[in-house]
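S.K.: below are the sequence and a predicted model for it; my questions follow.
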Amino acid sequence: MKIRFGYVSHALSLWECSPAKTMTFTRWKQLNQQEREEKLYTITKENLRNTLRILHYNIAHEIHLYRFSSSMVPLATHPEVNFDYVNLFRNEFKEIGNLAQQYKLRVSFHPNQFTLFTSDKPHITDNAVVDMEYHYNVLNAMGIADKSFINIHVGGAYGDKNAAIRRFHDNLRKLPVHIKKQMTLENDDKTYTTEETLSVCKHEHIPLVFDYHHHYANPSEAHLEELLPLVFQTWEHTNLNPKVHLSSPKNEKEFRSHAEFVNAEFVKPFFQIAKSTQRDFDVMIESKRKDQALFQLIEDLSKMRGFKRIAGAEIEIK
């Protein structure tokens, strides 16, 4: 049973390598037309350059999973900002996509918490569609849209969870079918449990990205031993390994917040349960120390009985 590890956005081990530099709309409005275009171009150019640097770093360290920053293109979805990022950076996007394909990197996006389909306000849904289209457009410009996924949460409950789920199914019809095919859902730490998210995923034929920390904070009625095989089954039509998010609590008071690193003892019970599925899967580390947390966790796990490190960012459980 093999498990690959990845991390989110920033490679902290690299100097001056943020892929998420941005600017506010307020600042944008203060500039004239030429200054606006030049500023957006310069920031995006640097973000794409740093994304490429990060991918090379990942390749060198055998890290096959990586989550792109959603802030790669500043103000890309703002209705008043008309920035033709796809055509302006066609070569840069293609270079990133070619590198990802050449080295079989599994890359993804995770839009923010405001990208949701449970609201009763039409403009919220419309904005969610625009945001999903932006992420898809970037992946498409890279030439990897059909191989990569965009992960979101179900959304809010608004005092009536059943009604909100019905709205989710209705509102999701506004999302173009080709984008929905590249969409995943994740259980959250406050509202929709793994069990509830699984039900939505089955209904919509969408893979479920399981978050162990969220599940611990917002448990289901059913036991994880029962749920995890069903979660993994939602990935069968994709020909990809199931994906899992791992993090650990910052402290007891701030339990839902992510710690700097991942506590191996906190996540060890998950691996023991996952072992029974006999399925290879991929893990996205969601910790403050990013790539450094990834390597620390692998080192900690490799010291435990039954865990063997077999590559830079891969372990085998026997």
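M.R.: That came in fine, so what should we check first?
S.K.: helices along the stretch 201-318 of the chain, start to end?
M.R.: Taking DSSP state H, counting those that start in this stretch as the criterion, the stretch 201-318 of the chain carries its helices at 212-217, 224-233, 264-275, 290-302.
S.K.: checking Tyr7 next. Helix, strand or coil?
M.R.: For Tyr7, the reduced secondary structure class is strand; criterion used: DSSP: H, G, I helix; E, B strand; the rest coil.
S.K.: does it touch Lys288 like I think?
M.R.: No. Between Tyr7 and Lys288 no contact is recorded; they are 10.7 Å apart, counting by CB atoms under 8 Å. (C-beta placed from N, C-alpha, C; glycine too.)
S.K.: looking at those two, which is more packed in?
M.R.: More neighbours sit around Tyr7 than around the other of Tyr7 and Lys288, counting by other CB atoms under 10 Å; the figures are 26 against 16.
S.K.: ok, so what distance separates the more buried one from Ile63?
M.R.: Using CB to CB, to the nearest Å, we find Tyr7 at a distance of 7 Å from Ile63.
S.K.: overlap in contacts of the two?
M.R.: For the pair Tyr7 and Ile63, residues contacting each of them under the criterion CB atoms under 8 Å, 6 or more residues apart in numbering are 291, 294.
S.K.: what sits closest to Leu301 if chain neighbours are left out?
M.R.: With CB to CB, 6 or more residues apart in numbering as the criterion, Leu301 has its nearest non-adjacent residue at 4.5 Å, and that residue is Phe307.
S.K.: typed the wrong thing, it's Ile152
M.R.: Ile152 sits nearest to Thr115 (CB to CB, 6+ apart), 5.2 Å away.
S.K.: quick check: angle from the top helix by length along the chain to helix 290-302?
M.R.: The helix that spans the most residues within the chain, counting by DSSP state H, is helix 33-60. Direction vectors for helix 33-60 and helix 290-302, defined by axes from the mean of the first three to the mean of the last three CA atoms, to 10 degrees, enclose an angle of 20 degrees.
S.K.: give the next helix or strand downstream of helix 33-60.
M.R.: strand 65-67 (DSSP states H and E).
S.K.: let me have the helices of the stretch 201-318 of the chain in JSON lines, extended by distance to Lys21, mean pLDDT and mean neighbour count.
M.R.: What follows is these, written out as JSON lines (distance: least, CB to CB, whole Å; pLDDT from 0 to 100; neighbours: other CB atoms under 10 Å):
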{"stretch": "helix 212-217", "distance to Lys21": "28", "mean pLDDT": "98", "mean neighbour count": "22"}
{"stretch": "helix 224-233", "distance to Lys21": "35", "mean pLDDT": "98", "mean neighbour count": "18"}
{"stretch": "helix 264-275", "distance to Lys21": "32", "mean pLDDT": "97", "mean neighbour count": "17"}
{"stretch": "helix 290-302", "distance to Lys21": "16", "mean pLDDT": "98", "mean neighbour count": "20"}
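S.K.: nearest to His78, out of those?
M.R.: Counting by CB to CB, His78 lies closest to helix 290-302 out of those; the figure is 27.2 Å.
S.K.: roughly how far is the closest one from the heart of the chain?
M.R.: 19 Å (CA atoms, centre = their mean, to the nearest Å).
S.K.: other residues contacting that helix?
M.R.: Helix 290-302 is contacted from outside by 5-13, 57, 61, 63, 246, 260-262, 264, 267-268, 271, 285, 287, 289, 307-309, 313, 315, using CB under 8 Å, 6+ apart.
S.K.: between that helix and helix 264-275, how big is the angle?
M.R.: Here the directions of helix 290-302 and helix 264-275 differ by 70 degrees (the same axes, to 10 degrees).
S.K.: what is the lowest-mean-pLDDT helix or strand in the chain packed up against?
M.R.: Ranking every helix and strand in the chain by mean pLDDT, DSSP states H and E puts helix 25-29 at the bottom, with a mean of 95. Packing contacts for helix 25-29, counted by 3 or more CB pairs under 8 Å, 6 or more residues apart in numbering; DSSP states H and E, involve helix 33-60.
S.K.: what's the helix it packs on packed up against?
M.R.: Judged by 3+ CB pairs under 8 Å, 6+ apart, the packing partners of helix 33-60 are helix 25-29, strand 65-67, helix 85-88, helix 90-102.
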